[in-house]
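Participant: Pasted the sequence and its predicted model underneath.
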There are 2 protein chains.
Amino acid sequence: VGDSFEAIAAGLDFLLPRSEAVVVTGGLGPTADDITTEAIAKFLGRKLILDDDALALIKERMRQRGRPWSSNNEKQALFPTEAHKLKNTVGTAWGFALWEREKIIAVIPGVPAEARQMFLEEVVPLLKRAFPSNDYVLTKVIKLSGISESLVDQRLADIDLMGLSLGYYPRFPELQLVLTARGKELNHLQEKVANALKKITEKLKDYIFAYDDETLEGIVAHLLQERKLTIALAESLTGGLIGDRLTDVPGSSTFFERGIIAYSNRAKIELLSVPPAVINEYGAVSRETAIYMAKGIRTLANTDLGLAVTGIAGPTGGSEIKPVGTVYIALSDETDTYCTHFHFPWERRRNKILTSQWALLILKRYLTEGLSHESS
Amino acid sequence: VGDSFEAIAAGLDFLLPRSEAVVVTGGLGPTADDITTEAIAKFLGRKLILDDDALALIKERMRQRGRPWSSNNEKQALFPTEAHKLKNTVGTAWGFALWEREKIIAVIPGVPAEARQMFLEEVVPLLKRAFPSNDYVLTKVIKLSGISESLVDQRLADIDLMGLSLGYYPRFPELQLVLTARGKELNHLQEKVANALKKITEKLKDYIFAYDDETLEGIVAHLLQERKLTIALAESLTGGLIGDRLTDVPGSSTFFERGIIAYSNRAKIELLSVPPAVINEYGAVSRETAIYMAKGIRTLANTDLGLAVTGIAGPTGGSEIKPVGTVYIALSDETDTYCTHFHFPWERRRNKILTSQWALLILKRYLTEGLSHESS
């Protein structure tokens, strides 16, 4: 709803009779258009009270971040009467919860990172206490790459999910399946989930790369650490995105030695020892160049593995034989170098993301089952 | 609302009497839980009709992407009677619009990239045609970094916006202000917006880095191209993120020569010629190392500019004197090298993002007004 007293009131008016609990997000900031607290208090006929603890904490937080105190921030320490405060460990805006006619109204900030954290850490426990249930809810997230929703649906068509629900959530470049079981007997539910998961995994094993909170980069990092292998990167079209993803994993310095963003031909020649004649004959975007890049970065960095990508991200630079989206990914180890060819159908940003995804998928496959040469 | 016939019907039942138009997103995929089209047809008492054109296009699209045809996809060519189809140029699911008792129901996919594109290219023009208005609406987006919402509010407190509305939207690492003017006289509105924009810009000029659709990397790229300058990067904690952002700009190869992700000390020493004694004495995260990195990458790449970052992203690696979030950013040109020290208060990912943001902000400032040495 919009930032107006009428819209907030109309929303509550609609939702409260239809719900056990209403969660409101946003409009808790210090600025003039942040009116959620005031609007809710007004709607419920409650007064606003200045909370000293919240005020002290907000002041301390601003000080820590080196932000000068502004009297506007005082607004963020105002709560309706009988409000239960909800802590915010990410930002300055606290939330609150109210009980109104046996229903709960929980109010949290709208900034996504804060909303997520407070929903999980404050609102969910509150709702669990308020509505104790004998029902257990188990969920399992299955993350896939390289397969469409409809093909997944087809492959799973003859599987009996025994009453569990299965949702499809495309999160580019992934497809997430969420398996949910609800019921009173925990053992029984766990068995059902394990059973369904086994069947789904059998049908889709070539495409599943992670479960639940796991990320592709996290899994690859773990495999490298487990096998005590080091890696270096030579990136062209991705411009550093693969390095960025790998270094999102805490402790990545244990396996990631360096990366070269070899955007120019000169960088490919000088740093990665790609022979100029190879670039002249086959082009900077070619299987041959990719292989030289992977070998070159492995040798330069003196690591166990060298991973290289070269391609045409778009929108320009494509040709009849090498259209936009043409990508080569090469992986080199002590004994051999593997190269795979792709043609991605998207625009620049998505082609970069898909290239990073497939580079990490290839690395994962290498670390779990080895790789064989492939021509495409 | 949830993926159930009842929830979709209840939603329409609530919204239709209160709105001129309802936009529905999601549930247009090929899988069993995609029931939006069927639910809406049922709610309105309309039949579903197979559309041959949509079917042919979906088949063609699947073929182009090398995805085998699945009979499930046929579902995506079913539309309620008298539906106006809405094209999807990003994915396979088309949307549609219906007129029901003088109101419009527009239905588009929920995948964010598709929803955005179809809303702008299909739904907005449809609504404009359906509800012609004499009111002009002008908006101006102002993008800031390095200032909090409450400080912006304070600085703008004594500005007369002459009836224009100003919204605050924190989009980490940016803060976006959206100025909106609505009225019948275009000239008058334009004047008002220009006037308000001038006042806001005066108050916040140190923090504004872009307007409207401009991105920080796009502006920096444009400035480099305009001044015919080349640049190379030496990244440590950001792991390639700055390179990734710069290479999101089409044509970035005209100014971006290479990047080194110097994650290890060895990479800093071997490639960037940071003296081992400097790392030993001052540490890899220090003003001295950052300056050597910036000079080193400029020399190695033979570019006009060298930009380097080194720091502690977290969660571990911090110390009493150099806590997590300590970052040095250095920029080197032919005659001089500038270094700035930061202390960011966030976790790993946000510290990386803020480092990339400030590196680009420093580069932008250098390209527009030059830089002076600063100690902090």
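Facilitator: That came in fine, so what should we check first?
Participant: rest of the way, CA atoms for contacts and neighbours
Facilitator: Noted.
Participant: A:Ser165 - how many residues pack around it?
Facilitator: Here the neighbour count serves as a burial measure; for A:Ser165 (other CA atoms under 10 Å in any protein chain shown) it reads 13.
Participant: can you check the one 3 residues further on too?
Facilitator: Burial of A:Tyr168, expressed as a neighbour count using other CA under 10 Å, amounts to 22.
Participant: Distance check, it against chain B.
Facilitator: According to CA to the nearest CA, to the nearest Å, A:Tyr168 and chain B sit 8 Å apart.
Participant: Could you confirm that residue falls within a strand?
Facilitator: Yes. According to DSSP: H, G, I helix; E, B strand; the rest coil, the state of A:Tyr168 is that of a strand.
Participant: Show me the beta-bridge partners of it.
Facilitator: Counting by DSSP bridges, A:Tyr168 forms beta bridges with A:Leu177.
Participant: List the residues that contact it.
Facilitator: With contacts defined as CA atoms under 8 Å, 6 or more residues apart in numbering or on different chains, A:Tyr168 is in contact with A:Glu149, A:Leu175, A:Gln176, A:Leu177, A:Val178, B:Thr31, B:Asp33.
Participant: Next one, pLDDT for it please.
Facilitator: Residue-level confidence at A:Tyr168 comes out at 89, pLDDT.
Participant: cool, and the one 3 residues further on?
Facilitator: Residue-level confidence at A:Arg171 comes out at 89, pLDDT.
Participant: what residues are up against the nearest residue to it once chain neighbours are set aside?
Facilitator: Of all residues beyond its chain neighbours, the one nearest A:Arg171 is B:Val111 (7.8 Å), with distances taken as CA to CA, 6 or more residues apart in numbering or on different chains. Shown here is B:Val111, whose contacts under the criterion CA under 8 Å, 6+ apart are A:Pro170, A:Arg171, B:Gly26.
Participant: Now that we have the residues you listed, which of them are buried?
Facilitator: Burial of the contacts of B:Val111 was assessed by neighbour count (16 or more other CA atoms under 10 Å in any protein chain shown); the buried members are A:Pro170, B:Gly26.
Participant: For A:Val309, state which of the contacts of B:Val111 is nearest.
Facilitator: For A:Val309, the closest of the contacts of B:Val111 turns out to be A:Arg171, at 23.0 Å, with distances computed as CA to CA.
Participant: distance of the residue most central in space within chain A from chain B?
Facilitator: Within chain A, one residue has its C-alpha closest to the average C-alpha position: by CA atoms, centre = their mean, that is A:Thr215, at 7.5 Å. Computed as CA to the nearest CA, the A:Thr215 to chain B distance reads 14 Å.
Participant: Need the pLDDT of whichever residue of chain A sits closest to chain B.
Facilitator: When distances are taken as CA to the nearest CA, chain A reaches nearest to chain B at A:Gly240, 3.9 Å away. The predicted local confidence for A:Gly240 comes out at a pLDDT of 98.
Participant: Spit out the contact partners of the nearest residue to it once chain neighbours are set aside.
Facilitator: On the basis of CA to CA, 6+ apart, the spatially nearest residue to A:Gly240 that is not a chain neighbour turns out to be B:Gly240, at 3.9 Å. Taking CA under 8 Å, 6+ apart as the definition of contact, the neighbours of B:Gly240 are A:Gly239, A:Gly240, A:Leu241, A:Ile242, A:Gly243, A:Asp244, A:Gly259, A:Ile261, B:Gly259, B:Ile261.
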